[in-house]
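J.: show me how the following folds:
(chains A and B)
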Amino acid sequence: MDLIQSYSEELKLIRKPWTKVWVWGLVLAVFLLPTYTTDAVVYIATMVFMLTVGVLGQNLLIGFTGQISFGQAGFLAIGAFTFGHLSMLGVPWALALVAAGVMAGIFGFLVGFPSLRLKGPYLAIATLGFGVAVYQIFANSPVLSGGRMGLTIQKLEEFWFLNMEQTYFYLYFIIAGLFVLLTYNIVSSYMGRAFIAIRDNDIAAEVLGVSLTRYKLLSFAISSFYVGVQGGMLALLLGYLEPNMFTFLTTIDFLVAVIVGGLALVEGSILGAAFVVIIPQLLSEYKEAVPFIYGVAIILVLIFQPLGLAGMWLKMRLYFRHWPFR
Amino acid sequence: MENILQYAITGLSQGSLYALVALGVVLVYRANRVLNFAHGDITTVGAFAAFMLLAAGIPWWLAFFLAILLGAAIAMVFYFGILIPAQRREANHLGMVILTLGFGLIMQALVLKFGDLEPQTFPFPLSDSETFNIGGVVISHLSLGTLIFGILGSFGFYLLVQKTPIGLAMRATSENLAAAQTLGIPTRRVLALSWGLAAGLGVMAGLFLAAVLFLDPPFMMEPFLKGFAAAILGGLNSLPGAIVGGLILGVAEALAGGLISVAFKNTLAFLIIIFVLLFKPEGLLGTEFIERV
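T.: Reported below is the predicted structural model:
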């Protein structure tokens, strides 16, 4: 799209002065959200931030590295329960959040091993099996899942002059912001280019000197780290955990978010996370319509707009930039 | 010893249903190299349709026949209405798998909207409580019916694929699409037929499963995942493999459930998937896949 003349320019997140203006304006508008809306809206925004983290991870794996994974619910559960047990032992939440991510990352690393041999449908089934197995292990072992009562987790305390919703809002805003920046940097680094090379043709990538073993495993580990952190955030936000939150339906939420938002686009993950949070909220009176909307959205996006909502946004910008020419 | 025989018989009967589900999965995989995540949901729609027809007072054989036709019709609509347009726009493999997932979500929503949500027993012509006693091994009418029907269904399907012109066309199409087109085989219709047949087999299995389990919207989720496991175990591109895989999985599950613990029974299928994929990804009877660079 743009003419890039040097590598430092390529690494820049924002290349045009006007883009800078509206991006910062948008960030400011979101930052001031609690001052001009109700607590309910603030809570929804908090959930969008939370989901953004996990969807970014899923997007790194599916969109950038091109590895199908249907096991996200498993990583989410591992992250959430790690966080839950640690916080019950009295570990501070920040440390527990990192530990949740690391634990999920370790499991992601292990699940990544089949990806070295398996492709496409086989990998999809292997990860699906992992997700379901994790759910069943948690559902069948009271020691891990806290039994019938589930785990109860100490929630955050109100910070300074902020109320509960606002405390969560600002904390999750910061975490999501950090992960968005991290993802932009991963994508524009050697690692990100290695991921994309593996997606486009893994054998060619290996011939060009990209270590398949290292980068496939890394992709799985990083993606599950993100999802694990999201699990910890979920536990912290809700204050309780039970295995039924982590069924295959949760995995479907992630997939819908990545596809509808836009594959291999960081902005897409944010839009996708917003989509899967806001649609069920809007349709709270017609719950059975939610899967219908998801299904139709997936089909429409894949047939008519393969880059999703973010792709629509890109096309719109391009249209106005070149207007009145086409 | 008698216990083991008992478990084996129960497992075989359950396994023959897994085999029917797995056949559907393998058939679609061979046709388009797509894993059909909508398989379970189409089956659920079929079972609910059968239930509603029975409630309307239609004799069971007609209701079942119509339900199977409905399932097949839905799968063909998906193929012509969604998959082909997506392929024209060069959807990749991931895209096609996710399309089936999306279609499955739509089917689920339809069942939630139009089906009765209360779990209910499914009136079935064979009884689950009346039993035969053969040399100390007890088998219910339903299990025996399931076993016979599963084996007959698989065998009939085998004959269709191996011994008829239609089957020949199906095999040719899955072997080499371009060559089949050149030879004048109407590949699109043949592929649609594969989708329809697969869904029909799935609905058949679903009707028997509905008689054992309670009929509620997500009731096919688990048997469908087991069908996947069976397909992987036998080899994703091998039709006999699907049958063998289904039977082995059924027996292994029944033995694990009876001899070890019931909780382990449900996890077994996924352990099998992971081990097979790690050590012999092409499955028991599948052919090894080679990639051309």
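
J.: am I right that residue A:222 sits in a helix?
T.: Yes - assessed by DSSP: H, G, I helix; E, B strand; the rest coil, residue A:222 belongs to a helix.

J.: tell me, how many residues neighbour residue 78?
T.: You didn't say which chain, so I picked chain A. 24 (other C-beta atoms under 10 Å in any protein chain shown). Heads up, the C-betas are built off the backbone N, CA and C, glycines and all.

J.: to clarify, I was referring to chain B.
T.: Residue B:78: 24 neighbours (other C-beta under 10 Å).

J.: correct me, but residue A:205 touches residue A:195?
T.: No - the criterion here is C-beta atoms under 8 Å, and residue A:205 misses it with residue A:195 at 9.3 Å.

J.: higher neighbour count, the two?
T.: Counted by other C-beta under 10 Å, residue A:205 and residue A:195 do not tie: residue A:195 has more neighbours, with 28 against 20.

J.: so which strand or helix has the more buried one?
T.: Counting by DSSP states H and E, the element that carries residue A:195 is helix A:190-200.

J.: which positions within that helix qualify as buried?
T.: Going by neighbour count (16 or more other C-beta atoms under 10 Å in any protein chain shown), the buried part of helix A:190-200 is A:191-192, A:194-199.

J.: so which bits of whichever helix or strand comes after it are buried?
T.: As assigned by DSSP H and E, the chain's next helix or strand after helix A:190-200 is helix A:202-207. If you call a residue buried by 16+ other C-beta under 10 Å, then helix A:202-207 has these buried ones: A:202, A:205.

J.: could you give the mean pLDDT of helix A:202-207?
T.: For helix A:202-207, the mean per-residue pLDDT is 88.

J.: check which helix or strand covers residue 28.
T.: Since you didn't name a chain, this refers to chain A. helix A:17-31.

J.: looking at chain B here, not the other one
T.: Going by DSSP H and E, residue B:28 is part of helix B:2-32.

J.: other SSEs contacting that helix?
T.: helix B:39-55, strand B:137-140, helix B:141-163, helix B:165-175, helix B:187-212, helix B:221-234, helix B:239-259 (3 or more C-beta pairs under 8 Å, 6 or more residues apart in numbering or on different chains; DSSP states H and E).

J.: rerun that using 7 Å as the cut-off
T.: Applying 3 or more C-beta pairs under 7 Å, 6 or more residues apart in numbering or on different chains; DSSP states H and E, one finds that helix B:2-32 contacts strand B:137-140, helix B:141-163, helix B:187-212, helix B:221-234, helix B:239-259.

J.: what's the offset of that helix from the middle of its chain?
T.: 9 Å (C-alpha atoms, centre = their mean, to the nearest Å).

J.: same check, this time on stretch A:144-163
T.: 22 Å.

J.: quick revisit: which residues make contact with the helix holding residue A:28 from outside it?
T.: Residues external to helix A:17-31 that are found in contact with it (C-beta atoms under 7 Å, 6 or more residues apart in numbering or on different chains): A:14, A:173.

J.: name the next helix or strand downstream of that helix, please.
T.: Following helix A:17-31 in sequence, per DSSP H and E, is helix A:33-36.

J.: may I have that following helix as CSV, with CA atoms only?
T.: What follows is helix A:33-36, C-alpha atoms only, in CSV (Å, rounded to 0.1, in the frame of the first residue of the first chain):
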residue,chain,number,x,y,z
LEU,A,33,-15.2,5.5,28.3
PRO,A,34,-16.1,5.2,32.0
THR,A,35,-16.7,9.0,32.2
TYR,A,36,-19.5,9.1,29.6
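
J.: buried ones in that helix?
T.: A:33-34.

J.: now do stretch B:220-239
T.: Buried, per 16+ other C-beta under 10 Å, within stretch B:220-239: B:220-221, B:223-239.

J.: please list which of the residues you listed also come close to chain A.
T.: Counting by C-beta under 7 Å from any C-beta of the partner chain, B:225, B:228, B:232, B:236 from those sit close to chain A.

J.: need the contact list for residue A:38.
T.: Counting by C-beta under 7 Å, 6+ apart, residue A:38 has no contacts.

J.: so what does it look like in phi/psi?
T.: phi -80, psi 170 (degrees, to the nearest 10).

J.: if we can go back for a sec, could you export the helices and strands packed on helix B:2-32 as TSV, including mean pLDDT and distance to residue A:162?
T.: Formatted as TSV, the helices and strands packed on helix B:2-32 follow (pLDDT from 0 to 100; distance: least, C-beta to C-beta, whole Å):
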stretch	mean pLDDT	distance to residue A:162
strand B:137-140	74	63
helix B:141-163	84	61
helix B:187-212	87	53
helix B:221-234	84	42
helix B:239-259	86	53
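
J.: can you tell me which of those is most buried?
T.: helix B:221-234 (a mean of 27; mean count of other C-beta atoms under 10 Å in any protein chain shown).

J.: what's the average pLDDT for stretch A:65-76?
T.: On average, stretch A:65-76 scores 89.

J.: repeat for stretch A:114-131
T.: 81.

J.: and what of stretch A:308-317?
T.: 87.

J.: likewise for stretch B:98-117?
T.: Averaged across stretch B:98-117, the pLDDT comes to 84.

J.: follow-up on the earlier one: what are the buried residues along the helix holding residue B:28?
T.: B:6-32.

J.: what separation do you get for the most centrally placed residue in chain A and chain B?
T.: Chain A has residue A:55 as the residue nearest its centroid, 1.8 Å off, counting by C-alpha atoms, centre = their mean. Remark: distance between residue A:55 and chain B (C-beta to the nearest C-beta, to the nearest Å) = 15 Å.

J.: is it fair to say that residue lies in a helix?
T.: Yes - applying three-state DSSP, one finds residue A:55 inside a helix.

J.: hmm, residue A:271 and it touching each other?
T.: No - in this structure residue A:55 lies outside contact range of residue A:271 using C-beta atoms under 7 Å: 9.4 Å.

J.: what is in contact with these two at once?
T.: With C-beta under 7 Å, 6+ apart, residue A:55 and residue A:271 have common neighbours residue A:261.

J.: report the inter-axis angle for the helix or strand harbouring residue A:131 versus helix B:221-234.
T.: Using DSSP H and E, residue A:131 sits within helix A:120-140. Helix A:120-140 and helix B:221-234 are oriented at 130 degrees to each other (axes from the mean of the first three to the mean of the last three C-alpha atoms, to 10 degrees).

J.: thanks again, I'm all set now.
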